[in-house]
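Asker: Just the structure for this:
(one chain, ligands or ions: 1)
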Amino acid sequence: MSPRTPATSGGSRIEAQSDLGTLATLKRGLQLSPELRKGLLVTALIAVVATLGRVVIPFVVQQTTDNGIMAEGGVDLDYVLRAILLAAGVVAITSVAQYAVNVRLFTAAESGLATLRLKAFRHIHDLSVLTQSTERRGALVSRVTSDVDTISMFVQFGGLMLLISTAQIVLATILMFIYSPALALVAYLCLLPLVILVRYLQPVLGRAYGLVRTRVGDMLGAVSESIVGATTIRAYGVEDRTAERIDRSIEAHRQSAIRAQIRSVVAFVSGQTFAGITTAVVLVVGTVLATRGHLTLGQLLAFLFLVNLFTQPVLMATEILNELQNAVAGWRRVIGVVDTPADVSDPGEDGIVQERGPITVDFEDVWYAYPGGEPVLRNVNLRIEPHTRVAIVGETGSGKTTMAKLLTRLMDPAGGRVLLDGTDLRRIPFSTLRRRVVLVPQEGFLFDQDLRENIRFGKPEASNEDLDLAVTELGLDAWVAGLPHGLDTRVGQRGESLSAGERQLVAIARAYLADPDLLVLDEATSAVDPSTEVRVQRALEGLTTGRTSVAIAHRLSTAEAADMVVVVDQGRIVEVGHHRDLVGQGGVYSRMHASWAAQRTG
Ligand SMILES: Nc1ncnc2c1ncn2[C@@H]1O[C@H](COP(=O)(O)OP(=O)(O)OP(=O)(O)O)[C@@H](O)[C@H]1O
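Answerer: Residues are numbered from 1 along each chain as shown. As a prediction, this is how the structure comes out:
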């Protein structure tokens, strides 16, 4: 990429939904959940058996009427009895078959959708932090929970109905044409408007249900954001405004749901009407044909049953289409996640595995721009030798954190390369990279477990002895001993029962246990009390000693203690050197340092 063209890179957006058509969506959905396809043919065959039973009943009615009740020489009771027994047997077989179809679909649906959930969750983790942040967390959660549920509902109910209905229509049609092609044609003609209506309503319903799914996502997004940000909301007394936002999203969902339901009710009622008309017309035409001798009484009765068998699925079709549209909308949104390309991809086995040891870092003509924005890093060239403590300083928004994100490969540069021991980061497998490079963010995330497990995140296989040793070496033993249950003290959700400074200590201990070759530190800006500050500084000292480290320094005391200070200004490196030398140069750093020193003494 030419350095002169504004470089935009990183984070592909998570699609609100994939733009695949209905059939393509179903195909991709089945591809993602192979369990849904497995054994489908057998299930379809059992469904045919289940339907066969339903079609046999009108046939038995016709036979019983024509050859039993209307038999020449009076009612043939023996014949009627045998026919009833046959019908009972068929009903029993039908029930067993229907049960089997249900269970098979149910099992396939649950297994297939569990796979889909798993794929979606894994993929969300593969996406860069930038891509993830294009969507609110709650909305992402809704994609793997409620959207997948709509698919499940369709596969379990709609799928069954679809299989049975198709078989029912085919078998009923065959029997109708055998009895009377003319009357069968009449029935078909009557139902034609209904088929046209269903085709017209399908896209309308699709759009309506797509909107409902989007609104569910919005609603969950608003609610989860308000829960996560509860402290800030309370602190600024903006509960009313937040409640209004949630009310609005709930109201928008209510309206879209009602609109979709009204459309589906219209579809259902029109279906009912056409079905009624069909039965009436068949009855009238059938009676005329019967009186003229073209149809027996038994055939006419059977026809009425068959018309019912025929209209039922067409009626159900609107409901099945509802569910299908709902499921397709859900599928599209899940596929939108799964098919978002991972912009930061793991080279895996094709990558270059590196041994642990002293590490050299190079930024080679690195450019970066957040999607749609101006470059925030331009032409960055930097070499960091092994065992060097580097402090990156600069005004807020100058691009320091962006450098850290590129260095830990949370994002890839738009231009240029970041190299570890001469190898492009993009060619190093994640497993190697995560072992060699560790980022200590400003606010490390603590899980609702005890301190021990939180620290162990740095190295899951670490023993309790390793943990105790790490705590002692970092000079944290006195602090741990002062906690109610020592290392077994629970930290609460996101570490809320610890102070900001204590959370930093846990993050430092975690990184120490991980023992990386390169440490990237985003220095915390939150103020902590003096005694914790001393502890944090001591622990940081222990953590960075003998290691290559890059600290995004918010306190210039960190820069004073560093081996090398890198000064960033508006996305460019403007000065590099030791604190001592830079202060004397009268440049950006010396001005920053002078104002910082004045603030401290003032
Ligand atoms: N996710 C993002 N999307 C779009 N722009 C971003 C994003 N993150 C940062 N920026 C922009 O990129 C520029 C550099 O940001 P960066 O976080 O690297 O600055 P910084 O020097 O670390 O600032 P600070 O000292 O305040 O942490 C800023 O102008 C910021 O607004």
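Asker: which strands and helices sit next to the host helix or strand of R28?
Answerer: Following DSSP states H and E, one finds R28 within helix 22-32. Applying 3 or more C-beta pairs under 8 Å, 6 or more residues apart in numbering; DSSP states H and E, one finds that helix 22-32 contacts helix 34-37, helix 77-126, helix 297-338. Any C-beta I mention is one placed from the backbone N, CA and C, and that applies to glycine too.
Asker: Can you tell me how far I258 is from S264?
Answerer: 11 Å (C-beta to C-beta, to the nearest Å).
Asker: Neighbour count: the two, which is higher?
Answerer: Neighbour count, other C-beta atoms under 10 Å: between I258 and S264, S264 has more, with 21 against 12.
Asker: and the stretch of helix or strand L469 belongs to, what other elements does it pack with?
Answerer: Using DSSP H and E, L469 maps to helix 464-473. Helices and strands touching helix 464-473, as assessed by 3+ C-beta pairs under 8 Å, 6+ apart, comprise helix 451-456, helix 500-514.
Asker: Specify the angle between that helix and helix 500-514 in degrees.
Answerer: 120 degrees (axes from the mean of the first three to the mean of the last three C-alpha atoms, to 10 degrees).
Asker: Which positions within helix 464-473 qualify as buried?
Answerer: 467, 470-471 (16 or more other C-beta atoms under 10 Å).
Asker: got it, and stretch 350-357?
Answerer: For stretch 350-357, using 16+ other C-beta under 10 Å, the buried residues are 351, 354.
Asker: next one: that stretch to chain centre, how far?
Answerer: 32 Å (C-alpha atoms, centre = their mean, to the nearest Å).
Asker: List the contacts of it.
Answerer: 420-421, 423, 427-429, 432, 435-436, 517 (C-beta atoms under 8 Å, 6 or more residues apart in numbering).
Asker: repeat for stretch 377-386
Answerer: Contacts for stretch 377-386 (C-beta under 8 Å, 6+ apart): 3, 358-368, 390, 399, 402-403, 406, 413, 416, 548, 550, 564, 566, 571-573, 576.
Asker: for stretch 117-125, same thing?
Answerer: Where contact means C-beta under 8 Å, 6+ apart, the residues beyond stretch 117-125 that reach it are 32, 132, 140, 143-145, 148, 334, 337-338, 340, 342.
Asker: related to what we said a few turns ago, for the helix or strand that the helix holding L469 is followed by, buried residues please.
Answerer: Sequence-wise, the next helix or strand downstream of helix 464-473 (DSSP H and E) is helix 477-481. Using 16+ other C-beta under 10 Å as the burial criterion, the residues of helix 477-481 that qualify are 479-480.
Asker: Tell me the bridge partners for G577.
Answerer: V565 (DSSP bridges).
Asker: quick check: domain ranges of this structure?
Answerer: 22-338, 361-601 (automatic domain parsing).
Asker: show me the residues around the closest residue to H485 other than its chain neighbours that make contact.
Answerer: Distances taken as C-beta to C-beta, 6 or more residues apart in numbering put D450 closest to H485, at 7.5 Å, once the chain neighbours are dropped. Going by C-beta under 8 Å, 6+ apart, D450 touches 485, 487-491.
Asker: and these as a markdown table, adding secondary structure and distance to H554?
Answerer: Formatted as a markdown table, the contacts of D450 follow (DSSP: H, G, I helix; E, B strand; the rest coil; distance: C-beta to C-beta, whole Å):
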| residue | secondary structure | distance to H554 |
| --- | --- | --- |
| H485 | coil | 33 |
| L487 | helix | 29 |
| D488 | helix | 33 |
| T489 | coil | 29 |
| R490 | strand | 30 |
| V491 | coil | 24 |
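Asker: As CSV, those residues with distance to L197 would be great.
Answerer: Below are the contacts of D450 laid out as CSV (distance: C-beta to C-beta, whole Å):
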residue, distance to L197
H485, 68
L487, 68
D488, 67
T489, 66
R490, 61
V491, 60
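Asker: Would you write a PyMOL line that selects the buried entries of the residues you listed?
Answerer: Here is the PyMOL command that selects the buried residues among those (16+ other C-beta under 10 Å):
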select buried, resi 487+490+491
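Asker: helices or strands next to the helix or strand that contains L192 in the packing?
Answerer: Per DSSP H and E, L192 falls inside helix 181-228. When contacts are defined as 3+ C-beta pairs under 8 Å, 6+ apart, helix 181-228 packs onto helix 137-144, helix 146-153, helix 159-179, helix 239-291, helix 297-338.
Asker: what angle sits between the last one and helix 22-32?
Answerer: Direction vectors for helix 297-338 and helix 22-32, defined by the same axes, to 10 degrees, enclose an angle of 70 degrees.
Asker: What strand or helix carries the nearest residue to A100 once chain neighbours are set aside?
Answerer: Sequence neighbours aside, I46 is the residue nearest to A100 in space, at 5.1 Å (criterion: C-beta to C-beta, 6+ apart). Following DSSP H and E, one finds I46 within helix 40-63.
Asker: in that helix, what's buried?
Answerer: 43-44, 46-63.
Asker: ok, residues contacting it?
Answerer: For helix 40-63, using C-beta under 8 Å, 6+ apart, the contacting residues are 83, 86-87, 90-91, 93-94, 97-98, 100-101, 104-105, 108, 160, 163-164, 167-168, 171-172, 175, 179, 296, 298-299, 301-303, 305-306, 309.
Asker: hmm, back to that, among the contacts of stretch 350-357, which ones are buried?
Answerer: The buried subset of those - by 16+ other C-beta under 10 Å - is 420-421, 423, 428-429, 432, 435-436, 517.
Asker: just those now: which is nearest R199?
Answerer: Comparing the buried ones among the contacts of stretch 350-357 against R199 with C-beta to C-beta places P429 closest, at 51.5 Å.
Asker: show me the residues around that closest one that make contact.
Answerer: So P429 contacts 346-349, 351-353 (C-beta under 8 Å, 6+ apart).
Asker: cutoff 10 Å now
Answerer: Taking C-beta atoms under 10 Å, 6 or more residues apart in numbering, we find P429 in contact with 346-354, 435.
Asker: Can you point out the buried residues in stretch 152-170?
Answerer: Buried, per 16+ other C-beta under 10 Å, within stretch 152-170: 152-165, 167-169.
Asker: With stretch 202-212 instead?
Answerer: 202, 205-206, 208-212.
Asker: Repeat that for stretch 529-542.
Answerer: The neighbour-count criterion (16+ other C-beta under 10 Å) identifies 532, 535-536, 539-540, 542 as the buried residues of stretch 529-542.
Asker: can you check stretch 328-339 too?
Answerer: Neighbour-count burial for stretch 328-339 [16+ other C-beta under 10 Å]: 328-338.
Asker: before we move on, back to that, so can I have TSV of the contacts of P429 showing distance to E323?
Answerer: Listed next are those as TSV, based on distance: C-beta to C-beta, whole Å:
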residue	distance to E323
D346	38
P347	42
G348	39
E349	42
D350	43
G351	45
I352	50
V353	49
Q354	52
R435	48
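Asker: Of these, which pair is most distant in space?
Answerer: D350 and R435 (17.9 Å).
Asker: hang on, the earlier thing: who wins for proximity to A243 among the helices and strands packed on helix 464-473?
Answerer: Smallest distance to A243 across the helices and strands packed on helix 464-473 (C-beta to C-beta): 28.4 Å, for helix 500-514.
Asker: So for that closest one, mean pLDDT?
Answerer: Helix 500-514 shows a mean pLDDT of 86.
Asker: Tally up the residues packed near P341, please.
Answerer: Neighbour tally, P341, other C-beta under 10 Å: 10.
Asker: correction: D563
Answerer: Neighbours of D563 under the rule other C-beta under 10 Å: 15.
Asker: Repeat that for V307.
Answerer: Neighbours of V307 under the rule other C-beta under 10 Å: 26.
Asker: Which pLDDT value does the model give it?
Answerer: 87.
Asker: can you check L189 too?
Answerer: So L189 comes in at 90 (pLDDT).
Asker: count of residues packed around it?
Answerer: 11.
Asker: Tell me who's in contact with it.
Answerer: 278, 281.
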